[in-house]
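Peer 1: Sequence plus the predicted model coming up.
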Amino acid sequence: MKNIRERFVLILLTFFVVSGVYAARERNYIYLFDCTKSMIGHGGTPVVWEPAKKYMQSDIERYSPGTTIHGIPFQERSLSTHTFQREDMDWGKIEKDLEDYVYNVTYTNICGALSAAEKYIDTNKDNYVYLLTDGVHNIKGESTANVAKKLQELCGKYKNTRFYYVVLTEGAIDQTIRDVVNQCSSEF
C-alpha cells in the first residue's frame, strides 16, 4: 500500500512540475527605435545614438533562445522591420540598416511607430514594447497630444502587453505624456 501511495505522490508531483514548465508563456519583444538625425546630435541635441544602440543590442542578447524579437526603426514612418528569434540575431545587419537610416533629416512619428508595433503584438505571448526616442512627435499638424491620445488608446488594449517609453533626453517627453503613462498600469 505504501508503495502505491509513493508512486501516486511521485506521479502527482511530476504532473505539477511538467504543467508548470508548459504553462510558462513565451515572450515577444518589440523595439521601436528612433532613427532621426537628432539621435546623432543634429541641431545641437545630445548625442544618444551609440548608447541607445548598445542598450538595445545588450538587452536583446540577454534573452533566452526561442524569444521572438521585432526591431522597428522609425522616422516620419516606420521602416523595414527585423523579426527574428534571439539565437538568429544578426546585429551587424541590424546596425547597418540603422546607420543607413539615421543620416536622413525627417520628422519623428511616434504615433506611427506605436501603430506599427501593434501589428507584432501576439496575444498568445507576453509582449514588451520599448519605444526608444530622443525627441517629440512632430508630424505636421500633430503634437504630443496625439501621442498622449495614442497611449490612452493602447492602455489595457492588449492582454499581457507592457509598453515602455524610454526617454533618451529630457526633451523626449512632456507632462501630458507622463500623466497618461502614470495613469496606466500597462505603460511605464
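Peer 2: Received, thanks.

Peer 1: Show me the shaky parts of this structure.
Peer 2: By pLDDT under 70, the weakly predicted segments of the chain are 1-23.

Peer 1: which stretches of it form helices?
Peer 2: Counting by DSSP state H, the chain has helices at residues 2-23, 49-61, 91-102, 110-118, 144-154, 175-182.

Peer 1: how about the nearest residue to K37 once chain neighbours are set aside, phi and psi?
Peer 2: Spatial nearest neighbour of K37, excluding adjacent residues (CB to CB, 6 or more residues apart in numbering): V105 at 5.0 Å. Using the backbone N, CA and C atoms, a C-beta is placed for each residue, glycine as well. Here is the backbone geometry of V105 (degrees, to the nearest 10): phi -90, psi 110.

Peer 1: Burial check on V105, number of neighbours?
Peer 2: By the measure other CB atoms under 10 Å, the count of residues near V105 is 10.

Peer 1: Could you provide the helices of the chain in TSV, with additional columns for mean neighbour count?
Peer 2: What follows is those, written out as TSV (neighbours: other CB atoms under 10 Å):
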stretch	mean neighbour count
helix 2-23	9
helix 49-61	15
helix 91-102	15
helix 110-118	21
helix 144-154	18
helix 175-182	15
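
Peer 1: and V166, which of those helices is closest to it?
Peer 2: Closest to V166 of these is helix 49-61 (CB to CB; 8.1 Å).

Peer 1: by contact count, what packs against that closest one?
Peer 2: strand 27-34, helix 91-102, strand 126-133 (3 or more CB pairs under 8 Å, 6 or more residues apart in numbering; DSSP states H and E).

Peer 1: Switch these over to TSV; also include distance to E187.
Peer 2: Formatted as TSV, those follow (distance: least, CB to CB, whole Å):
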stretch	distance to E187
strand 27-34	13
helix 91-102	25
strand 126-133	9
